[in-house]
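Engineer: Give the three-dimensional model of this entry:
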Amino acid sequence: MLDALRERLGITTAKKGCDHGQCGACTVLLDGRRALSCLALAVAHQGSKIITANGLANDGALHPMQRAFVEHDGFQCGYCTPGQIVSAVGMLQEAAAGWPSVVSADLNAEQIVVNDDEIRERMSGNLCRCAAYVNIVRAISEVAR
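Structural biologist: Next comes the predicted model:
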């Protein structure tokens, strides 16, 4: 899917980092759920709704998560940023749906409290070589509130 997005459709916000599903640079929302596009076979998802960082903006206005990353300087070189942003949007949707993580205090809680530990755990599949993690957590925290 990653190659189809980039080479066939010209959508370059999904980045080719490791090409093995280990870095998260290629994260997209696939039918509303986070997915690593480098591990997904495009033909298997024909007709699916795929959202990249490009698709988060609404009529030219940045998505709140995109604005928060800018305001909190949640990127340095910017290479991982699109995947980080898409993953952050997806993980907040997962938390809102009540999906617990390894660090969730109550696995049966109907509402997940999205604190810094939750953010770090849920975003652990997205790597940033520049180490902008502190600012990424701040940006996500702002949107989570």
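
Engineer: What pLDDT is listed against the residue nearest the centre of the chain?
Structural biologist: Central residue of the chain (Cα atoms, centre = their mean): Ser87, 1.2 Å from the mean position. Ser87 is assigned a pLDDT of 98 by the prediction.

Engineer: quick one: it is in a helix?
Structural biologist: Yes: with DSSP: H, G, I helix; E, B strand; the rest coil as the criterion, Ser87 is assigned to a helix.

Engineer: For it, give me its contacts.
Structural biologist: For Ser87, the contacting residues are 24, 27, 34, 123, 125-126, by Cβ atoms under 8 Å, 6 or more residues apart in numbering. Every residue, glycine included, has its C-beta placed from N, CA and C.

Engineer: Please narrow those to those residing in strands.
Structural biologist: In this view, those that belong to strands under DSSP state E are 27, 34.

Engineer: Save the contacts of Ser87 as TSV, and put in neighbour count too.
Structural biologist: What follows is the contacts of Ser87, written out as TSV (neighbours: other Cβ atoms under 10 Å):
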residue	neighbour count
Gly24	23
Thr27	30
Arg34	21
Met123	19
Gly125	16
Asn126	24
